[in-house]
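Generate coordinates for the sequence data below:
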Amino acid sequence: MASLPTDKHGAGFLGRSSGSSLYQQVTQLAGLRSSGNAPTGEPSNSRHDRDLPSLRSGFFLSNARVFSTVISTPLVDAYFSCYNTSNPVLDERDFRRSLGRDSGNSRRDPYFGVQYQLVLAIGHWIIGGDESLHASFYHAARAQLSLQCLESGSLSLVQALLLVGNFLQKRDRPNTGYNYIGLAGRIAVGLGLHREAHNDVTQDRGRVQLRRRVLWILFYIESGFALTTGRPCLIDDGAIETSLPANLDDEDVLTVERNKTEVDRPTVCSAMIVQSKLAIIANRLQRNLFASKTVNSEEIEHSIKSLEEQLLDWRVQIPAYFYSAGVPEWFRGPRAIVMWKEQNLRMIFWRACKRNPNAYLSGEEASRRSYRTALENIREIANFCHDYDDLLHQNICWYATYCSFQAALVLILGQLEERQTASTNTVGTSLPLADGLSQACTCLNVLSSRMAAARRCVSVVENLSRSLNINLSAAPEVSNNGLGTDGSLYANAPGAQNGEATNDPADGSTLGQLNVSTDLALPLDVEQSFDMLFQQMQNFEGDWTTADFGNLNFEV
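Residues are numbered from 1 along each chain as shown. Next comes the predicted model:
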């Protein structure tokens, strides 16, 4: 999750917006130091030990028809129900239609097999299945990619690379995922996805919609990578001429009249449209505050005012149906993720303002706003996990863990800075801080039943709190009124409504029900595997960062 210390070579996540930078500030101010070695009793975290299981441990699935539909159907359903609703990279109708064709059909897209394996990998990860199996799906997809792919380009290749990159990001391999996303971006620009012919009635409406979706999903995933790792943005929103996709479901493209551009209800595009607009602001924040070399206080003040207005406008422009209490159950997760991301971005924004005090906003006020936003973020995540426990799956848990952990670090950092300013090692702690950290730990403990990363996050927060004499009492019971620090702005935020949640298979028992066997073997001839380009570069720093936080050690 890119929230760990950088290695001794100084490579990795060094930017000021990165979670690693935030963590380092906490440990430095606390007088603690993090070690690159795993604590006693923890599993080794060398790169080779943390790699996804070997190719030999899985099975090769080059033909989509080889894998039993009895097993694959629930995984495909999980992908489209829980992942594609947030990131609609694939058109569900087209995918299922291709899946139903004869495997010998020569018209099948050459990259459909790659997409299929990745759908199975992501679907299996979503339901919380055995890691070796969804790793096998990934390896099967990777084995079908070669360097020859770079000699041509297509929309389906961009989709495949985008899915690979995002899957690896969430499977604790952010550097390799970052490279796949970069390749997807280069090919997308080469294909001209960032431009479109306006008012061309001869264009296939569904194709135009899909191109827009893929381009903007690529944009906000790359933007998230940049902010999370503190790296520069590679795709400039100013160079994108492509319109945002219309708020339409896949089937709406055919049924809604051509002169009616959108529907007024949640669709698979609703969350991604709002998230794309948020990513534009995130890019500007990265460019104007974190990456800017200007020391002109007037320019900085102007940037801060402009970004604050853009964040306010973003919330005002969100459609009313986005906050409706009667939204479909499937939409609650995508909606919550977007709102958590906005709170996380706002928290980072106020932290950036603290580094750039000016006449408009003092450093002390910026610190207070960041502190309040962190509390708000923790409360919203805790509310959702409390009210919609049955809706939690790996994708939601991943974002909940990331955001709540960063918010907890900001709370601790704020307390440390306050102590430093007062030049005293005050033992007493304000009630909101203790309650906020307790609530974060309680929430992370709930998430830990589904994610190992959350267990390590709890350990980090508890160790830091104990070292700083912060008493983590039992967390107060979460409220379900959904009110944030900003009052009415979040009166209808995710988690605010009571409702019956649908069951989501998020436990390991699913594998037993599917009777999945992992005894088959992959062929060893994968010399031209696409991933070799990244994995075997001697001078390229590998994915030494892991979401399991196994290389953290604390010495007071």
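
Would you state the strands of this protein in chain order?
For the chain, the strands identified by DSSP state E occupy 33-34, 554-555, in order along the chain.

any idea which of those scores lowest on pLDDT?
Across those, the stretch with the lowest average pLDDT is strand 554-555; it has a mean of 32.

Quick one: low-confidence residue ranges for the stretch 201-350 of the chain.
The stretch 201-350 of the chain contains residues with pLDDT under 70 at 201-202, 254, 256-260, 292, 294-295.

make it 80
Under the criterion pLDDT under 80, the flagged ranges of the stretch 201-350 of the chain are 201-203, 252-261, 290-297.

which residue ranges form the helices in it?
Per DSSP state H, counting those that start in this stretch, the stretch 201-350 of the chain carries helices over the ranges 205-229, 252-255, 270-285, 297-316, 329-355.

Dump those helices to CSV, plus distance to residue 407 and mean neighbour count.
Using the backbone N, CA and C atoms, a C-beta is placed for each residue, glycine as well. Supplementary listing: the helices of the stretch 201-350 of the chain in CSV, determined by distance: least, CB to CB, whole Å; neighbours: other CB atoms under 10 Å:
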stretch, distance to residue 407, mean neighbour count
helix 205-229, 14, 22
helix 252-255, 36, 14
helix 270-285, 17, 23
helix 297-316, 17, 15
helix 329-355, 7, 23
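
Indicate which one of the ones you listed is closest to residue 177.
helix 205-229 (7.8 Å; CB to CB).

Show me what that closest one is packed against.
Contacts of helix 205-229 with other secondary structure elements, assessed using 3 or more CB pairs under 8 Å, 6 or more residues apart in numbering; DSSP states H and E, are made with helix 155-170, helix 174-191, helix 252-255, helix 270-285, helix 329-355.

Give me the angle between it and helix 174-191.
Compare the direction of helix 205-229 with that of helix 174-191 by axes from the mean of the first three to the mean of the last three CA atoms, to 10 degrees and you get 140 degrees.

Please find the angle between the direction vectors of helix 205-229 and helix 329-355.
Using the same axes, to 10 degrees, one finds that helix 205-229 and helix 329-355 are set 40 degrees apart in direction.

Just the angle for helix 205-229 relative to helix 270-285, thanks.
50 degrees.

Can you give me every residue that contacts residue 357?
363, 366 (CB atoms under 8 Å, 6 or more residues apart in numbering).

Tell me how far it lies from residue 242.
38 Å (CB to CB, to the nearest Å).

same question, residue 376
From residue 376 across to residue 242, the span is 33 Å (CB to CB).

Which one's more surrounded, the two?
Under the neighbour definition other CB atoms under 10 Å, residue 376 and residue 242 were set side by side, and residue 376 has more, 22 against 18.

wait, that one sits on residue 343?
Yes. Using CB atoms under 8 Å, residue 376 is in contact with residue 343, at 5.9 Å.

would JSON lines of the helices and strands packed on helix 205-229 with distance to residue 132 be doable?
Output for the helices and strands packed on helix 205-229, formatted as JSON lines (distance: least, CB to CB, whole Å):
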{"stretch": "helix 155-170", "distance to residue 132": "15"}
{"stretch": "helix 174-191", "distance to residue 132": "18"}
{"stretch": "helix 252-255", "distance to residue 132": "38"}
{"stretch": "helix 270-285", "distance to residue 132": "31"}
{"stretch": "helix 329-355", "distance to residue 132": "26"}
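
Pull out the buried positions in the longest helix seen in the chain.
Criterion DSSP state H: the longest helix present in the chain is helix 394-422. By 16 or more other CB atoms under 10 Å, the buried positions in helix 394-422 come out as 394-419.

what do you get for stretch 240-252?
Neighbour counts using 16+ other CB under 10 Å place 240, 242, 244, 245, 246, 247, 248, 249, 250, 252 of stretch 240-252 among the buried residues.

Identify, from the residues you listed, the entry nearest to residue 302.
The shortest gap between residue 302 and any of those belongs to residue 240, at 23.7 Å (CB to CB).

With adjacent residues omitted, what lies nearest to that closest one?
Distance criterion CB to CB, 6 or more residues apart in numbering; nearest residue to residue 240, sequence neighbours excluded, is residue 194 at 4.8 Å.

you'd agree that neighbour is up against residue 242?
Yes. In this structure, residue 194 sits in contact with residue 242. The criterion is CB under 8 Å, and the distance is 5.6 Å.

what do the two both touch?
Counting by CB under 8 Å, 6+ apart, the residues touching both residue 194 and residue 242 are residue 215.

confidence score at the nearest residue to residue 447 once chain neighbours are set aside?
Distances taken as CB to CB, 6+ apart place residue 454 nearest to residue 447, at 3.9 Å, with adjacent residues excluded. Residue 454 is assigned a pLDDT of 92 by the prediction.

Who are the contact partners of residue 454?
For residue 454, the set of contacting residues under the criterion of CB under 8 Å, 6+ apart consists of 397, 401, 444, 445, 447, 448.

Tell me how far the second one lies from residue 170.
Summarising the geometry, the distance separating residue 401 from residue 170, computed by CB to CB, is 11 Å.

cool, residue 337 as well?
For residue 337, the distance to residue 170 equals 12 Å [CB to CB].

what do you get for residue 407?
Distance of residue 407 to residue 170, given as CB to CB: 19 Å.

and what of residue 296?
Residue 296 is 40 Å from residue 170, by CB to CB.

cool, residue 245 as well?
When distance is defined by CB to CB, residue 245 is 23 Å away from residue 170.

Ok, residue 442 next?
Remark: distance between residue 442 and residue 170 (CB to CB) = 24 Å.

same thing with residue 162?
Taking CB to CB as the measure, residue 162 falls 13 Å from residue 170.

Residue 318 too?
From residue 318 over to residue 170 (counting by CB to CB), the distance is 26 Å.

What of residue 274?
With the distance defined as CB to CB, residue 274 ends up 21 Å from residue 170.

Over to residue 464?
Residue 464 sits 25 Å away from residue 170, going by CB to CB.

Residue 189 too?
In this view, residue 189 and residue 170 are 25 Å apart by CB to CB.

Read off the pLDDT value for the residue nearest to residue 241 when sequence neighbours are not counted.
If the residues on either side of it in the chain are set aside, residue 241 comes closest to residue 195, at 4.7 Å by CB to CB, 6+ apart. The model reports residue 195 with a pLDDT of 91.

I figured residue 195 hits residue 239, correct?
No. Between residue 195 and residue 239 there is no contact, the gap being 9.1 Å when judged by CB under 8 Å.

more crowded one of the two?
A count of neighbours by other CB under 10 Å puts residue 195 above the other of residue 195 and residue 239, at 13 against 9.

Following the record's annotation, map out the domains of this structure.
66-191, 327-422+430-468 (the TED database).

would CSV of the ones you listed with distance to residue 211 be doable?
What follows is the domains of the chain, written out as CSV (distance: least, CB to CB, whole Å):
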stretch, distance to residue 211
domain 66-191, 6
domain 327-422+430-468, 21
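
Mind telling me which of those the model trusts least?
The stretch with the lowest mean pLDDT among those is domain 66-191, at a mean of 88.

residues contacting residue 356?
Contact criterion CB under 8 Å, 6+ apart gives 289, 300, 304 as the residues in contact with residue 356.
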